[in-house]
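# Got a predicted model here, sequence first, then my questions.
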Amino acid sequence: MMLYFDLLIQGLIQGAIYALVALGLTLVYGLLRILHVAHAALFTLGGYIGVIVTNDSGSFLSALILAMFLVGLVGMASYRVIYRPLLDRTPLIALIASIGVFIASEELFRIIFGAYGLSYLKPPLQGQIEILSGIYLSYARILVVILAIGLLTLVGWLALKTRLGIAARAAVGDPRMAASSGVNVETIRYATFFIGSAFAGAAGVLVSLLNNLVEPTMGAVPSYKALAIIVLGGLGSVRGALLASLALGVIEAYGTIYIGNFLDRDSIAFAFLILVLMLRPQGLLTRE
Amino acid sequence: MDYEIVVLTNMAIGILFALSLNVITGFCGQVSLGHAAFLGIGAYTSAILTKAGVPLVVSFLPSMAMAALVGLIVGMASLRVRHDFLAITTMGVVFLFTGIVRKQDFLGGEIGISGIPAPAFGRPGLLVTALACVAIYLWFTIHIRKSWAGFAFDSIAEDEDTARLLGVNVPRFKLFAFVVGTAGAGLAGALYAHQVRFIGPDSFGFVESISVLAMVIVGGIGSIWGVILAAAVLSALPQFFQIIDDYKLLVYGLLLFGAMRFAPDGVDGLLKRLFHRRSGR
């Protein structure tokens, strides 16, 4: 019984991280219909900024904020450099360009920061508290959950209540109509990339804290899974992506214990993806 | 001389592999991000058979059959999901493949299969065999392109729903494309296994799937000669980059991005623009 509960919590924490990564992807997909693989590089960049700034300044909080801000800016630049010139091409072209940038950036991280990765000199938030009898959680894990809930609520509020959010939803629904009603679609796109990338940066910092390690290749697997998640959620649906993130985190946690001898962690995730897609080809929460 | 033979054999295998994806993605318009899985299926099948004493050329047929069988199943998925959904499904297939291989002891698990016997006819013989395979497969795809199936593929790639309205049996042609394409990848895999004589799960991952897709796209989607040229250059590139080994993937990634950014129609489109003429195919 204890084990079940422990696995559930671990799964939900992993799911919260997936959700932070998947959010940016799903926003970009909703707006531009592009699978933004280079998102993974932004996640890794966030991790590096987090470790380096924490080690230099000693303040984890300022590292987190700085990482989100800088990664957000780089995300805007990625839209300008990679996607904007390719918008009128088939999405496949942008996808390959994005993969090219991602491969190159992995190498760049390796060349600049070394192949073996960086760690925190004094890892912050390592204390543990007992949340239920026998189940301990570190402050770092609790921070992951709180931050994920907080940031995602913030986005929900932005989307529903602010002018920017309303304009963004209009631009997703019908870009031409939105533009002709005075929405600056270009501003929306930059804002979307900033917010989505900042979240990926935050997720990178959090993962670097949980593992106490950042490596050049740390972005690859979470972002491939995030691609799977946004498909599962019904491409472009934020609520679907959240649900799929949590479901995937939990299924991986149980799966590695019970069928780990036959499939590794990553293939469990993709087996689940394929299964769901065959049953519901339009994703979990979309209605055709 | 030996070195040149190795490079040329790599090129031939790369061309065969790219031509096989060209049938699925180029002709029929079905994006696959997981084509390396079928290279892997062919490689593992052939390696196990030749280690058991079966001659290499005899192992070609079962290698192609195994790849095509799995290809048929993935093809059935393509009847259910489309476009980006299909791209992600096929990406899932390649992760599923490496994940399963990693955990199976009879496939060598994490370590892979080593000591694959050298082909009886030596390295030059392997090159000739590879070239013969490329020639046969090339002839076959040109034949498909010109036949009724070629037109059906065109209509499906252009607009699936209209094709269906016009009475094209869309599921049948899609499955046909997947079977032909994955069988070609299986054959390339059998050759690959005996070229490098060591295979492991990491040789057939997502990056390999992307690099073969890049060959097809850089070549110009659907253009047979463009794809051959792109595959020849891109599969030989890593060898030349040995000199600047540390920056190999960096250069490769930037090349991919540059090609998409500045020549999105691929080599084929570039050549056509260069000669200012609209040729047929």
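On my side now, so go ahead.

# In terms of helices and strands, where is the residue nearest to residue B:130 when sequence neighbours are not counted?
The shortest distance from residue B:130 to any non-neighbouring residue, by Cβ to Cβ, 6 or more residues apart in numbering or on different chains, is to residue B:12 (3.9 Å). The way it works is simple: take the backbone N, C-alpha and C, and place the C-beta from them, glycine included. If you go by DSSP states H and E, residue B:12 is part of helix B:2-21.

# What is that helix packed up against?
In this structure, helix B:2-21 packs against helix B:122-146, helix B:170-196, helix B:206-219, helix B:224-240, with contacts taken as 3 or more Cβ pairs under 8 Å, 6 or more residues apart in numbering or on different chains; DSSP states H and E.

# Make CSV from the ones you listed and add mean neighbour count, distance to residue A:253 and mean pLDDT to it.
What follows is the helices and strands packed on helix B:2-21, written out as CSV (neighbours: other Cβ atoms under 10 Å in any protein chain shown; distance: least, Cβ to Cβ, whole Å; pLDDT from 0 to 100):
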stretch, mean neighbour count, distance to residue A:253, mean pLDDT
helix B:122-146, 17, 45, 90
helix B:170-196, 25, 33, 91
helix B:206-219, 25, 23, 84
helix B:224-240, 20, 38, 82
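
# With respect to residue A:273, which of the ones you listed lies nearest?
Among the helices and strands packed on helix B:2-21, the nearest to residue A:273 by Cβ to Cβ is helix B:206-219 (14.0 Å).

# Give the next helix or strand downstream of the helix holding residue B:12.
helix B:36-51.

# Between helix B:122-146 and whichever helix or strand comes after that next one, find me the angle.
The element immediately downstream of helix B:36-51 (helix or strand, assigned by DSSP H and E) is helix B:56-80. Computed by axes from the mean of the first three to the mean of the last three Cα atoms, to 10 degrees, the angle separating helix B:56-80 from helix B:122-146 equals 40 degrees.

# which strands and helices sit next to the helix or strand that comes right after helix B:56-80?
The C-terminal neighbour of helix B:56-80 among helices and strands, as given by DSSP H and E, is helix B:83-103. Judged by 3+ Cβ pairs under 8 Å, 6+ apart, helix B:83-103 is in contact with helix A:91-113, helix A:220-232, helix A:265-279, helix B:36-51, helix B:56-80, helix B:206-219.

# Those into JSON lines, with extra columns for distance to residue A:29?
Formatted as JSON lines, these follow (distance: least, Cβ to Cβ, whole Å):
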{"stretch": "helix A:91-113", "distance to residue A:29": "10"}
{"stretch": "helix A:220-232", "distance to residue A:29": "6"}
{"stretch": "helix A:265-279", "distance to residue A:29": "16"}
{"stretch": "helix B:36-51", "distance to residue A:29": "24"}
{"stretch": "helix B:56-80", "distance to residue A:29": "20"}
{"stretch": "helix B:206-219", "distance to residue A:29": "19"}
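
# just so I know, which of those lies nearest residue A:176?
Minimum separation from residue A:176 across those (Cβ to Cβ) falls at helix A:91-113, 18.0 Å.

# buried set for the closest one?
A:91-110, A:113 (16 or more other Cβ atoms under 10 Å in any protein chain shown).

# of all of chain A, which residue lies closest to chain B?
Closest residue of chain A to chain B, Cβ to the nearest Cβ: residue A:267 (2.3 Å).

# if we can go back for a sec, let me see the mean pLDDT of the helix holding residue B:12.
Averaging pLDDT along helix B:2-21 gives 89.

# So for that helix, what gets flagged as buried?
B:5-6, B:8-21.

# is stretch B:150-161 up against chain A anywhere?
No: Stretch B:150-161 does not reach chain A (Cβ under 8 Å from any Cβ of the partner chain); its nearest approach is 11.0 Å.

# which residues are contacting that stretch?
Under the contact criterion Cβ atoms under 8 Å, 6 or more residues apart in numbering or on different chains, stretch B:150-161 has outside partners B:27-29, B:82, B:144, B:162-163, B:166, B:168-170, B:173-174, B:177, B:222.

# nearest to residue A:238, of these?
Ranked by distance to residue A:238 (Cβ to Cβ), the contacts of stretch B:150-161 are led by residue B:82 at 22.2 Å.

# Number of residues surrounding that closest one?
A total of 15 residues lie near residue B:82 under the criterion other Cβ atoms under 10 Å in any protein chain shown.

# So, low pLDDT: which residues of chain A?
A:1, A:131-134, A:235-236, A:260, A:285-288 (pLDDT under 70).

# longest helix anywhere in it?
The longest helix of chain A (DSSP state H) is helix A:2-32.

# how about that one: buried residues?
Within helix A:2-32, the residues scored as buried using 16+ other Cβ under 10 Å are A:6-7, A:9-32.

# Please give me every residue in contact with the residue nearest to residue B:76 when sequence neighbours are not counted.
Once flanking residues are discounted, residue B:76 sits nearest to residue B:175: 7.1 Å by Cβ to Cβ, 6+ apart. Shown in contact with residue B:175 (Cβ under 8 Å, 6+ apart): B:72, B:75, B:76, B:79.

# any idea which of those has the most stuff around it?
Going by other Cβ under 10 Å, residue B:75 tops the contacts of residue B:175 with 22 neighbours.

# Okay, residue B:75 and residue A:60: tell me how far apart.
50 Å (Cβ to Cβ, to the nearest Å).

# cool, and residue B:15?
Per Cβ to Cβ, residue B:15 is found 52 Å from residue A:60.

# For residue B:134, give me its contacts.
Contacts for residue B:134 (Cβ under 8 Å, 6+ apart) come out as B:12, B:15, B:16, B:19.

# Between all of those residues, which two are separated the most?
Top of the distance list for the contacts of residue B:134 (Cβ to Cβ): B:12 and B:19, 10.6 Å.
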